[in-house]
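Trainee: The amino acid sequence is not available; the structure is as follows:
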């Protein structure tokens, strides 16, 4: 965590990137806009000479990048994660436009780590990956040709983050009335709830349907606070221990 | 000139581009945002296989591109030309930021051709070239690293042009994908939850503190949907009927 600029608290997360050139171009796009924290979830090839070439003088970003094996690891300790999508989906989170997303990220980034998550070049993020994020952002594109290059999408979002961060007299971060729960606290709650639903036979693990997805979507909209997660888990514990009369 | 969309009247002009890959990436950046008119002033190598590769499915833009021998030719018939610069100079035009520039271009583009002019990868536009333009635009960058790739700069401006062009015709409010729960459905859920908390001794009705208030505040933020209320009440029913092992 860096208190000097909220931009330092914004993680760019690339999941399962195929082309190392895109990783390099992403590093350059980030650095031109003052971003520095890059997470790579299972990149196909990294480090890679092509990434270095495309990064130009932003290789320091590549050298400091965190290579991790799951999106959970990349989102550890974040209080807000926004998924980039090219297509609105049935079971999606609330969809923001680019400026709304940049504002939402920076509002929290002055206090805590936040993340902006990009998927595969070919197919974007999986539904499971999107469910780990609280919000979704969509870059408006030409409906006849929406094939934005990965690094170009990062460039646009990095640019919007810089624009928002430098806009005149930034609103002083309002001290949040309550502290937001972190990614891992919320994931533990979901696991607790899922287990309770299985134990009570509400959820059949062989036929899960899309129940956990529906539940994640519902709570993603709330942006749960620490104390709320404690209340929810307290209720679960109490209900698990008592049988109704 | 095209009356269907002002974007069709915006020319992207690349002067003396060295790397054909940047020309291809520019075509792709343009097409994703609905721009289609590309002028190339003395490109070092064009047509070129690398340009085709980087253009992906935007090769039609390359095929229709006008290759000319001077900036004058590229600006023929335009009523406004804006020069992109990374550095403010002594003898510069009025400098706009990206959004002001996009607005200025589109104001005129509904009637007449306009141009956005980008210089060499290494050194940008010459002073002579800048003087052929009426205005200058500067993309705000990290002062410690302002080395924006040529196609990335085009991408940002193309994006701003699209944002401005769609702002005039506001997106109609999206019909909610799911039906919101009614006041009474939500109240019944709260009563159900409260009773379950009392039965399980999580809530002491003689000392309720502000627990129900906290819970109401949390769910109020979500704007619960009908089906979500059903899921929540289903979980409560299941938990009330089963004791954990």
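Mentor: Received, thanks. Everything numeric here is computed off the predicted structure, so don't read it as measured data.

Trainee: Would you map out the domains in chain A?
Mentor: Domain assignment of chain A by automatic domain parsing yields the ranges A:6-166, A:183-241.

Trainee: Deepest in the core, which of the ones you listed is it.
Mentor: Sort the domains of chain A by mean neighbour count, taking mean count of other Cβ atoms under 10 Å in any protein chain shown, and domain A:6-166 sits at the top with a mean of 21. The way it works is simple: take the backbone N, C-alpha and C, and place the C-beta from them, glycine included.

Trainee: Tell me who's in contact with the nearest residue to residue A:162 once chain neighbours are set aside.
Mentor: Leaving aside its sequence neighbours, residue A:162 sits nearest to residue A:33 (Cβ to Cβ, 6 or more residues apart in numbering or on different chains; 4.2 Å). Residue A:33 sits next to A:7, A:155, A:158, A:159, A:161, A:162, B:141, B:142 when contact means Cβ atoms under 8 Å, 6 or more residues apart in numbering or on different chains.

Trainee: likewise residue A:200?
Mentor: Going by Cβ under 8 Å, 6+ apart, residue A:200 touches B:235, B:238, B:239, B:241, B:242.

Trainee: picking up where we left off before, how far away is the residue nearest to residue A:162 from residue A:159?
Mentor: Distance, residue A:33 to residue A:159, by Cβ to Cβ, to the nearest Å: 6 Å.

Trainee: Got phi/psi on the residue nearest to residue A:162?
Mentor: phi -110, psi 10 (degrees, to the nearest 10).

Trainee: so what's it scoring on pLDDT?
Mentor: Looking at residue A:33, its pLDDT is 97.

Trainee: likewise residue A:124?
Mentor: Confidence score, pLDDT, at residue A:124: 93.

Trainee: Show the residue spans covered by the strands in chain A.
Mentor: If DSSP state E is used as the criterion, the strands of chain A fall at A:10-15, A:37-41, A:66-68, A:80-84, A:94-96, A:114-118, A:135-137.

Trainee: so who does the most centrally placed residue in chain A touch?
Mentor: Residue closest to the mean C-alpha point of chain A, counted by Cα atoms, centre = their mean, is residue A:81 at 2.7 Å. When contacts are counted by Cβ under 8 Å, 6+ apart, residue A:81 touches A:13, A:75, A:114, A:115, A:116, A:117, A:132, A:133, A:134, A:135, A:183.

Trainee: same thing with residue A:141?
Mentor: Counted by Cβ under 8 Å, 6+ apart, residue A:141 has contacts A:86, A:148, B:32, B:33, B:34, B:162.

Trainee: got the phi/psi numbers for the closest residue to residue A:234 other than its chain neighbours?
Mentor: With Cβ to Cβ, 6+ apart as the criterion, residue A:234 has its nearest non-adjacent residue at 5.9 Å, and that residue is residue B:202. Torsion angles at residue B:202 (phi, psi; degrees, to the nearest 10) stand at phi -80, psi -30.

Trainee: didn't residue B:202 look like it was pressed against residue A:238?
Mentor: Yes. Assessed by Cβ atoms under 8 Å, residue B:202 is found in contact with residue A:238 at 3.6 Å.

Trainee: Surely residue A:43 and residue A:67 touch.
Mentor: Yes. Counting by Cβ under 8 Å, residue A:43 does reach residue A:67; the two are 6.7 Å apart.

Trainee: before we move on, back to that, for residue A:241, see how far away the residue nearest to residue A:234 is.
Mentor: Note on residue B:202: its distance to residue A:241, by Cβ to Cβ, is 9 Å.

Trainee: quick one: pLDDT of residue A:190?
Mentor: Predicted confidence (pLDDT) for residue A:190: 94.

Trainee: In contact with it, which residues?
Mentor: Taking Cβ under 8 Å, 6+ apart, we find residue A:190 in contact with A:212, A:215, A:216, A:219.

Trainee: go again using 7 Å as the cut-off
Mentor: By Cβ atoms under 7 Å, 6 or more residues apart in numbering or on different chains, residue A:190 lies in contact with A:212, A:216.

Trainee: how near is it to residue A:97?
Mentor: Distance of residue A:190 to residue A:97, given as Cβ to Cβ: 28 Å.

Trainee: For chain A, give me the ranges with low pLDDT.
Mentor: Along chain A, segments meeting pLDDT under 70 span A:1-4, A:88-92, A:168-177, A:243-245.

Trainee: now the helices for it?
Mentor: Using DSSP state H, the helices found in chain A span residues A:20-32, A:49-55, A:59-63, A:71-75, A:98-109, A:127-131, A:150-166, A:183-199, A:211-222, A:226-241.
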